[in-house]
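Colleague: show me the folded form of this:
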Amino acid sequence: MSTLAVHLTGTGSLARLALRRDRLMMPIWVVVTGGLVASGAGSLEGLYGTPAQRAELAASMTANSSMRSLYGPVFGDSLGGLVAWRFGTFAAVLAAVMSLIIVVRHTREEEETGRQELLSSAVVGRRAPLTAALLTALVANAGVALLITAGLAGQGTGGALALGLAVGGTGMLFATAAAIVAQLTESARLAKGLASAVLGLAFVLRAAGDAGDASGSSALTWLSPIGWAENVRAFSGERWWVLLLMAAAVLVQAAVAYELAGRRDVGMSFLPTRPGPAEGLLGTAGALAWRLQRGTVLGWSLGFLLGGLVFGGMVEGAADIVGDNAQAREIFERMGGQSGLTDAFLATMVGMFGMIAALYAVGSVLRLHGEETSQRAEPVLANAVGRVRWAAGHLVIAFGGAALIMLLAGLGLYLSYGRDLGPILGASLAQLPAVWTLAGLAVLLWGAFPRAAVAGWGVAGLCLALGWIGPALDLPQSVLNLSPFGHLPKLPGQEMAWGPVWTLTAVAAALVATGLWRLRLRDLTTS
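Modeller: All right, here's what the predicted structure looks like:
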């Protein structure tokens, strides 16, 4: 048997196990990401039914840096080209998030919980777990690409295939990037955090590059894998060679991950956690929770502040985006409310930050699940620390941290925009009830159904997709209201509606209370 075959022994069994474990989460991500893009043609055709309307929209969107920073330049005014412009970037982001979650879950998280060590005691090759994780990500991204291609084939087979491969290729780029990060770090939480930071940087680079250059050829755009996806130019004279660039990058990153995987033992990493004694006071469960999560809070805080500064600088151009183009104006008004276009742009940005903040809050809550399954919670609970008190330390950071990063996002918007401090900060804080509701749902899932706790990521991803893509698809308000963000007032610009704010806050509190109550009644779990 060759050396390669030895290293890959057991890959098939591990891949089937991974697919079985992701049998609920992965189809949701695939259907939401691929299905929303595939259905975009019908929605845009209803809004812009004539070639003249589509040409006017394309010219308006490409001419303004604010819109280019969000969606990229419009490379073609066909219906397929508009779908690629409006949905391609965010579909690529969703595919990237899905992929990094899958890969980290089936590599570093398996090692952190001890399951990989148990599996490795059987006939399993050294690189089989990593291969199985990447194969699982490949299946998911292939499903997304297939849905997009099939759904848009009527607009042109070549363009549909190019867009599907661009979105799926972006997912695989971040899958292999996450595979590298998983070898470097010692915890799944840190691996997800670093991979997410890379994704955030890629989005910001793409936004900054497109804001400054309407051709999509900015150096900053080409530094971002998300920029590569848009430069495939689906339905607009496809650049197939960009897909070859993606494939080469995937192979290089996979090779690096495989090399690193072969140079370390199970459970070890190239960037190990610094051993004790820990600095500072750790006399309480809350202090320990802060020590464990302070790096995450700092990273998200800096990211939101920088993101606010970047997008705040684009507000001034919002009023000139469409001029008298009523159809183009409708996109922002559905996302940001029926107010002035500048306020609608600000409301859209604040809403986007809120939906991303929900990912932070869910991840921070699920740190409790990681502490439990890795058996690090047991030594803490063996002392005079109750379960609720232990959980409360992490929940304060999850809910309070969400408030902090939203304040910093609002502050960044204000510093760059230069006016309306009160309305912008108020709009940012108004997103918190929806963020807390999703965090509360994660608490309930973890407390009552610990094995299904990872579903919190799926719900947050679904709400993210509904908020970003739903308005452009002209989805009914009843569908948009499946997300808690659909019930919030569009601030700044609209009148403050306290009813939904207090209702969502009460729902979040009830979810947290129920989850903690169930935590007290169940046994600790190790898987």
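Colleague: quick one: contacts for residue 357?
Modeller: 304, 402, 405-406, 409, 431, 435 (CB atoms under 8 Å, 6 or more residues apart in numbering). (Glycine included, C-beta is placed from N, CA and C.)
Colleague: which of the residues you listed fall in helices?
Modeller: Of the contacts of residue 357, the ones assigned to helices by DSSP state H are 304, 402, 405-406, 409, 435.
Colleague: so which of those is the closest to residue 241?
Modeller: residue 304 (36.0 Å; CB to CB).
Colleague: look up how far residue 344 lies from that closest one.
Modeller: 21 Å (CB to CB, to the nearest Å).
Colleague: hmm, residue 231 and residue 242 touching each other?
Modeller: Yes - the pair residue 242 / residue 231 is scored as a contact, 5.3 Å apart, by CB atoms under 8 Å.
Colleague: and residue 195, how close does it get to residue 99?
Modeller: With CB to CB as the criterion, residue 195 and residue 99 are 9 Å apart.
Colleague: common neighbours of the two, please.
Modeller: 174, 178.
Colleague: which of the ones in helices among the contacts of residue 357 are buried?
Modeller: Among the ones in helices among the contacts of residue 357, those classed as buried by 16 or more other CB atoms under 10 Å are 304, 402, 405-406, 409, 435.
Colleague: need the worst-confidence member of the residues you listed.
Modeller: Ranked by pLDDT, those bottom out at residue 304 (90).
Colleague: quick revisit: with the buried ones among the ones in helices among the contacts of residue 357 in mind, which one is nearest to residue 371?
Modeller: residue 402 (19.3 Å).
Colleague: isn't that closest one right next to residue 436, touching?
Modeller: Yes - counting by CB under 8 Å, residue 402 does reach residue 436; the two are 6.9 Å apart.
Colleague: so what's in contact with those two at the same time?
Modeller: residue 361.
Colleague: adding distance to residue 452, write the buried ones among the ones in helices among the contacts of residue 357 out as JSON lines.
Modeller: Shown next, in JSON lines, are those (distance: CB to CB, whole Å):
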{"residue": "304", "distance to residue 452": "29"}
{"residue": "402", "distance to residue 452": "22"}
{"residue": "405", "distance to residue 452": "27"}
{"residue": "406", "distance to residue 452": "28"}
{"residue": "409", "distance to residue 452": "31"}
{"residue": "435", "distance to residue 452": "21"}
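Colleague: where in this protein is pLDDT low?
Modeller: 1-8, 64, 66, 113-125, 265-283, 316-341, 472-474, 526-527 (pLDDT under 70).
Colleague: burial check on the closest residue to residue 194 other than its chain neighbours, number of neighbours?
Modeller: Nearest in space to residue 194, with sequence neighbours left out and distances taken as CB to CB, 6 or more residues apart in numbering, is residue 181 at 4.9 Å. Residue 181 is flanked by 27 other residues according to other CB atoms under 10 Å.
Colleague: and residue 181, which helix or strand is it part of?
Modeller: Residue 181 belongs to helix 157-184 when elements are defined using DSSP states H and E.
Colleague: in that helix, what's buried?
Modeller: 159-184.
Colleague: now do the helix or strand that that helix is followed by against helix 157-184, angle only.
Modeller: Beyond helix 157-184 on the C-terminal side, the first helix or strand identified by DSSP H and E is helix 188-212. Angle, helix 188-212 to helix 157-184, by axes from the mean of the first three to the mean of the last three CA atoms, to 10 degrees: 140 degrees.
Colleague: show me what the helix or strand just after helix 188-212 is in contact with.
Modeller: Once the chain leaves helix 188-212, the next helix or strand it forms, by DSSP H and E, is helix 219-222. Under the criterion CB under 8 Å, 6+ apart, residues 205-206, 208-210, 212-213, 227-228, 230-231 lie in contact with helix 219-222.
Colleague: out of those residues, which comes closest to residue 38?
Modeller: residue 230 (18.1 Å).
Colleague: against residue 93, how distant is the spatially closest residue to that closest one that is not a sequence neighbour?
Modeller: Closest residue to residue 230 apart from its sequence neighbours, by CB to CB, 6+ apart: residue 72 at 4.4 Å. From residue 72 over to residue 93 the distance is 12 Å, taken as CB to CB.
Colleague: same question, residue 514
Modeller: 32 Å.
Colleague: the more surrounded of these two?
Modeller: Taking other CB under 10 Å, residue 514 and residue 93 do not tie; residue 93 has more neighbours (26 against 15).
Colleague: name the element that one belongs to?
Modeller: Using DSSP H and E, residue 93 falls in helix 79-105.
Colleague: same check on residue 464?
Modeller: helix 455-469.
Colleague: quick one, that helix and helix 79-105 angle?
Modeller: 160 degrees.
Colleague: quick one: contacts of helix 455-469?
Modeller: 24-25, 28-29, 32-33, 36-37, 40, 87, 90-91, 94, 97-98, 101, 335, 351-352, 355-356, 358-359, 362-363, 365-366, 438, 441-442, 445-446, 475, 479-480, 482-486.
Colleague: are any of those residues buried, and which?
Modeller: Using 16+ other CB under 10 Å, the buried members of the contacts of helix 455-469 are 25, 28-29, 32-33, 36-37, 40, 87, 90-91, 94, 97-98, 101, 335, 351-352, 355-356, 358-359, 362-363, 365-366, 438, 441-442, 445-446, 475, 480, 483-486.
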